[in-house]
Structure formats: structure tokens, C-alpha cells
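Asker: predicted structure and sequence below. I'll ask about it afterward.
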Amino acid sequence: MESKPLYEQVFDVFSTAYEAADFGLASQLLAVIEFVACRDDRPDLSERAYRLLAEPADDGSDRRR
């Protein structure tokens, strides 16, 4: 079984932290995602993270801070 690339694993944890409203951890992981996106010339990685941030919460509320 092939494992996911590290940036995908980081994104999964970022997504989970954000959904759980652990904004401290999510912001730290966002910094890691932005670093990897810049280092690997992958702007799609940070764009994907910011799209998640722009989505409303499951209850329909605006969770952006």
C-alpha cells in the first residue's frame, strides 16, 4: 500500500483541525502548507487550503475569523 505524500497528510490534519475549531493548530499547519507550496512551486496547495477556510461551517455559520 502506497502512502500519501507528506503535504497531503499535512492538509488532512489541517482540514481536521479546522473542522474541529482548533484554530491554533490549523494556523500553524497553514504556515507549513504555505511553506511547502512555495518551496515546491505548488500554489495549488495553498489555494486549496484557503478555499477550505472560505467555506461555511456545517451548521451554515461563517467560521472565518
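Answerer: Everything's here; your move. Residues are numbered from 1 along each chain as shown.
Asker: so where's this structure uncertain?
Answerer: Per-residue confidence for the chain (pLDDT under 70) gives these ranges: 1, 57-65.
Asker: ok, which stretches of it are strands?
Answerer: Residue ranges of strands cannot be listed for the chain, since DSSP state E assigns none.
Asker: what are the ranges of the helices in it?
Answerer: Using DSSP state H, the helices assigned to the chain run over residues 6-19, 23-39, 43-54.
Asker: export the ones you listed as TSV, with columns for mean neighbour count.
Answerer: The C-beta positions use only the backbone N, C-alpha and C, and glycine is treated the same way. Supplementary listing: those in TSV, determined by neighbours: other CB atoms under 10 Å:
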stretch	mean neighbour count
helix 6-19	16
helix 23-39	15
helix 43-54	13
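Asker: how far away from the center of its chain is stretch 12-21?
Answerer: 7 Å (CA atoms, centre = their mean, to the nearest Å).
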